[in-house]
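predicted model, plus sequence, below.
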Amino acid sequence: MSAPGPGQALFAFVRHWSRRTAAVADQGRLVLVCEAAHSLAGRGAETTVNAIAVEIGLDQSGASRLVKAAIEVGCLSREPSRSDGRRREVSLTAAGRSMLDQAHRWQEQVFDQLTDGWSEKRRSEFQRAMSELIDRSHRLNAP
């Protein structure tokens, strides 16, 4: 049997990391929905529940429940859309930004642990490659 190809390695990587949050599932879901809203806003996209659903790969009702939970704990707020007052968008609150800042610090610590012993060049090349894959995925999946 031949070694897995790069596509298989990529999807094994995704499956592995998508399961790592089992011990902190509620916090992981909160980070997921806030990260989605943050990412969409950073790209200048609408931050509606439907857009968040697409961003995280859930159906609208699942995304709606996550958004509602994030609003209830004060990490997201809901307001009229910038482009269409009949629609509602969500945005990070100060508490949501603080929670994401903490999550990002933890993510950097995990990356540092996993790449312990790597050169800075290898770390930056890996980061750049991951970022390019994500950017390309956004472009390929843009409506």
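Now that the structure is in, tell me what you want to look at. Numbering: from 1, shown residues only.

buried sites along stretch 103-111?
A103 (16 or more other Cβ atoms under 10 Å). Backbone N, C-alpha and C define where each C-beta goes, glycine included.

give me the local confidence score for D101.
pLDDT, D101: 94.

correction: S61
94.

what does T115 give?
92.

that one: neighbour count?
Look at T115: counted by other Cβ atoms under 10 Å, it has 14 neighbours.

measure it to M130 for me?
12 Å (Cβ to Cβ, to the nearest Å).

so where do the strands sit in this protein?
Assigned by DSSP state E, the chain shows strands spanning 76-80, 88-92.

dump the last one to CSV, keeping only the CA atoms.
Once side chains and other backbone atoms are set aside, the C-alpha atoms of strand 88-92 remain, and they are given as CSV (Å, rounded to 0.1, in the frame of the first residue of the first chain):
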residue,chain,number,x,y,z
ARG,A,88,-29.8,41.3,11.0
GLU,A,89,-26.0,40.9,11.3
VAL,A,90,-23.9,39.9,14.3
SER,A,91,-20.7,41.4,15.5
LEU,A,92,-18.2,40.7,18.2
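
so what are the sheet partners of that strand and their directions?
Applying DSSP bridges, strand 88-92 is found paired with strand 76-80 (antiparallel).

for the record, mean pLDDT for the strand it pairs with?
Rounded mean pLDDT across strand 76-80 is 93.

nearest residue to E79 in space, please, no chain neighbours.
E89 (6.3 Å; Cβ to Cβ, 6 or more residues apart in numbering).

pretty sure that neighbour contacts T48?
Yes. If you go by Cβ atoms under 8 Å, E89 and T48 touch, sitting 5.6 Å apart.
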